[in-house]
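[1] sequence and predicted structure are below.
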Amino acid sequence: MAPCFAQRTLATLALVLSMMLSGAARAQVPAQDVITFKLGLSNIHLIRGSRAVLVDAGSRGDLPRLEAELTRAGVAWKDVAAVIVTHGHSDHAGLAAEIRRKSGATVLLGAGDVAMARAGRHDDLQPMNFTAAVLKQFVIDPTFEAFEPDVTITATPIEPMRLDPWGIAGRVFQMPGHTPGSLVIELDDGRTFVGDMVLGGYLGGTLMPTRAGEHYFHADRQRNLENIRTLLRGSSRAFYLGHGGPVSRESVMATFGLPTAPDRK
Ligand SMILES: [Zn+2]
C-alpha cells in the first residue's frame, strides 16, 4: 500500500530534522583544513581554522617555496596568526624569525628549546644509526637565524594550552624526548602534529612516507618512545610529521608497539 500524505510528510520532517542535528554535531568541532608543504628538508603544515597557523618554520633556504605554497593555498602573510615551532632543530626553526617579520605572527616554542632558538644553533645531535651519523656530518647545517619566542610553552599533556586564541580548535603541550622542548599539537578531532617524534618512511620521507618509523636523532630515545605510547593511549589518530607522513595511528602502533593501559582522557 502506498504511504499516505501524512506519512510522507512525517518521513520528510524526520529526515530534515536528522540532517539538522548531524550538522549541529559537526559544528561543535569546526572544520580545519590541514595542508602539508614538503620543503627542502622538512615539512611545514598549514592549519586553517578561523585563522591560519603554521606548524614549523622549515630551513633557512625554504622561503621562496613557502611563499609559493602559501600563495597557492590563498593565504597572505598577514593571515598567518601564529607559528608553532615543534622543536629547535635548524630544519624546523629555520625561518621562524623571517616568518614573524613578514607576518607579525606569534612564535610559540617549547621552554626546553629556547636556548637553541636564542643561540641560532641546535644542540649536538645524537645519531640513532649510520645513516643518521652521515646526515649529521655532511647534510645538516646546525645554524639558523636566532629568535626569541613570543610564547614559551611549559604546558603538559595533562594541562595543555588551548590554541583557540589563534583560531584553532586544539591544544599544545611539551613532550621532552626528541629535544628537551619538543611540542605536540593535538586538534580536537584527533589529528596530531608531533614534529620529529616519529619519522615517515625512508630517506627523510622520500620512500614510503606513510610508514611510521624511528627518527634519526633523539636527545632521549627512551622518553621519546614513552611519549609515542602516551599519545597512542589518548585520542590521537592521524600523525603529521616533520618528515614524510602523515601516518595512521595503526602504523605507529605497528612500529612502536601497542599501548598497555589508559593514562589520560
Ligand atoms: Zn628534529
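    Received, thanks.
[2] hey, let's count contacts and neighbours off CA atoms from now on
    Fine.
[3] show me where the protein has strands.
    33-38, 43-48, 52-55, 80-85, 106-110, 151-153, 161-162, 170-174, 183-187, 192-195, 199-202, 207-213, 239-241 (DSSP state E).
[4] can you lay out the ones you listed as CSV showing distance to R233?
    What follows is the strands of the chain, written out as CSV (distance: least, Cα to Cα, whole Å):
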stretch, distance to R233
strand 33-38, 23
strand 43-48, 24
strand 52-55, 23
strand 80-85, 24
strand 106-110, 22
strand 151-153, 23
strand 161-162, 19
strand 170-174, 16
strand 183-187, 13
strand 192-195, 13
strand 199-202, 19
strand 207-213, 17
strand 239-241, 14
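[5] in a markdown table: the ones you listed, plus distance to L66 and mean pLDDT.
    Below are the strands of the chain laid out as a markdown table (distance: least, Cα to Cα, whole Å; pLDDT from 0 to 100):
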| stretch | distance to L66 | mean pLDDT |
| --- | --- | --- |
| strand 33-38 | 7 | 96 |
| strand 43-48 | 8 | 97 |
| strand 52-55 | 11 | 98 |
| strand 80-85 | 12 | 98 |
| strand 106-110 | 17 | 98 |
| strand 151-153 | 23 | 98 |
| strand 161-162 | 26 | 98 |
| strand 170-174 | 23 | 98 |
| strand 183-187 | 21 | 98 |
| strand 192-195 | 18 | 98 |
| strand 199-202 | 21 | 86 |
| strand 207-213 | 20 | 87 |
| strand 239-241 | 17 | 97 |
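[6] can you tell me which of those strands comes nearest to M253?
    Checking the strands of the chain against M253 by Cα to Cα gives strand 207-213 as the closest, at 8.7 Å.
[7] which other helices and strands contact the closest one?
    strand 199-202, helix 249-256 (3 or more Cα pairs under 8 Å, 6 or more residues apart in numbering; DSSP states H and E).
[8] quick one: terminal-to-terminal distance for stretch 47-63?
    Using Cα to Cα, to the nearest Å, one end of stretch 47-63 lies 18 Å from the other.
[9] check which residues of that stretch are buried.
    For stretch 47-63, a neighbour-count test (16 or more other Cα atoms under 10 Å) marks 47-60, 62-63 as buried.
[10] among those residues, which pair sits farthest apart?
    S50 and R60 (28.4 Å).
[11] G40 reaches D62, doesn't it?
    Yes - the criterion here is Cα atoms under 8 Å, and G40 meets it with D62 at 6.3 Å.
[12] what is the spatially most central residue of the chain paired to in the beta sheet?
    Nearest to the geometric centre of the chain sits F193, at 2.3 Å (Cα atoms, centre = their mean). Judged by DSSP bridges, the bridge partners of F193 are I185, Y240.
[13] show me what contacts it?
    55, 184-186, 239-241 (Cα atoms under 8 Å, 6 or more residues apart in numbering).
[14] how close does A97 sit to S103?
    10 Å.
[15] neighbour-wise, which of those two wins?
    It is A97, of A97 and S103, that has more neighbours when counted by other Cα atoms under 10 Å, with 21 against 16.
[16] state the pLDDT value of that one.
    Confidence at A97, expressed as pLDDT, is 98.
[17] quick check, it in contact with F147.
    Yes - between A97 and F147 there is a contact under Cα under 8 Å: 5.7 Å.
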